[in-house]
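Colleague: Sequence below, structure please.
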Amino acid sequence: MSSPPPVAGVRLVWTGLPDHIRSAVEARAGAAVVDARDQRGGFSPGVAARLLLDDGGRVFVKAVAPSINADTAALHRGEARTLAALPPGLPVPRLLWTYDDGDWIVLGIEDVEGQSPSLPWRRDELDRVVAAVTAMAVTLTPAPDGFPGVGDDIFTGWRTLAADPPADLGPWEARNLGRLAALEATWPSYAAGETLLHFDLRSDNLILDGDGGVHVVDWAHACTGPAWADLAILLTEVEDPGADEILAGAPPEGVAALWCAFAGLLSERCRRPAPPGLPTIRAFQRAYARSLIDRLARSGLGVG
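Modeller: Alright, predicted model coming up:
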C-alpha cells in the first residue's frame, strides 16, 4: 500500500498576522511575545505558531479569519468548543484561552514538546499510541453533552460518483463502483456509539514526548460514535498487516464500511477544485484514497 504524501499546507506566518491580532494574543497571554516558531505541517492556511513569552511561558497559537478560509475558521471555533468541553486528565493539550472578534478566531493552547510518530509507523510507537487512545476512549464514554453523532451525512462519495462515473476511475473502482456504493451505505448501521471520537486520528495529529507520553491534537472533527472508530481511522495510515489485530474487538463489516466510506469521501473530494489557501489538499486526498482503495481491494471485505 502506498502512503499519502506528507500533510503540508501553505500557512500564514505569525508576523503576517494583523498588528491588532498579535496585540490581542499578547493581552490574552499576559506577556509579550519574544520568539515565534511557525509550524508548517497540517492542512490549514492559518497561523500555527509556538510562542515564547517574555515571562518565560509558552503557548501554541492557531489563528485564522474567514477571508483566508471560511471552513477553517468554523473548524477553529468548533475545536475551541470541543477543547473547553473535554474532561481533565486526557492526553490532550489544554485550551488556555480564545480570542474571537467575529472575524479572526485565535486559540491559545498548551504548548507541548515532542514530534509526530515516524512514517512508516514503527510498532513500538503504534503500541504507545493505541494504549493512549484506548484509555482515552474509556474516559470519553459516555461523551460530554452537545456533540453530534458521526452519522452518514458526509459519507456519500461513492454514491455521488456512481450517479455520474468519472472517466478517470481506476479499473478496480470502476468494476466495483456499485458494490462500493452499497458498502458505503451500510456505515450508518455501525455508526452509533456513546464515545467522543477525535475522528481525524493521523500521525500529524499526534505528538510523542520524550517521557513516553502521547498527546492528541487538532480536535476540529469531534463527534460521537463507536469507540473502535478512532483506531480504525488510525490504522488506515499503518502499512503493517499484523497491526489489524488491534481491531480484533471491532466488527469486521463495520471497519470495512468505515474504510469504504472514507475512501469514497476522499475520492469524490479530490476531484473538486482546491479550496482557498489549501493548494495541496487534493493531492493528499487522492493519495490517501488510493491507499484505502488498495486496502479494500486486498481485504475482500464486502467488495470483489
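Colleague: What mean pLDDT does the helix or strand where residue 82 lies get?
Modeller: According to DSSP states H and E, residue 82 maps onto helix 70-85. What helix 70-85 shows for mean pLDDT is 96.
Colleague: which residues are in contact with it?
Modeller: By Cβ atoms under 8 Å, 6 or more residues apart in numbering, the surrounding residues in contact with helix 70-85 are 44-46, 62-66, 92, 94-95, 98, 100, 105, 107, 109, 144, 146-147, 218-222, 275, 277. Just so you know, the C-beta spots here come from the backbone N, C-alpha and C atoms, and that holds for glycine as well.
Colleague: in it, what's buried?
Modeller: 72-73, 75-77, 79-80, 82-83, 85 (16 or more other Cβ atoms under 10 Å).
Colleague: and the closest residue in space to residue 259 that isn't next to it in sequence, helix, strand or coil?
Modeller: Leaving aside its chain neighbours, residue 259 sits nearest to residue 292 (5.6 Å; criterion: Cβ to Cβ, 6 or more residues apart in numbering). Under DSSP: H, G, I helix; E, B strand; the rest coil, residue 292 falls in the helix class.
Colleague: quick one, what contacts residue 292?
Modeller: Per Cβ under 8 Å, 6+ apart, neighbours of residue 292: 236, 259-260, 262-263, 266.
Colleague: Can you list the low-confidence ranges for the protein?
Modeller: Low-confidence segments of the chain (pLDDT under 70): 1-9, 152, 300-304.
Colleague: The residue nearest the centre of the chain sits in which helix or strand?
Modeller: For the chain, the residue sitting closest to the mean C-alpha position, by Cα atoms, centre = their mean, is residue 200 at 2.7 Å. Using DSSP H and E, residue 200 is not contained in any helix or strand.
Colleague: Could you check how far it is from residue 182?
Modeller: Here the distance between residue 200 and residue 182 works out to 26 Å (Cβ to Cβ, to the nearest Å).
Colleague: again, but for residue 115
Modeller: Between residue 115 and residue 182 the distance is 41 Å, computed by Cβ to Cβ.
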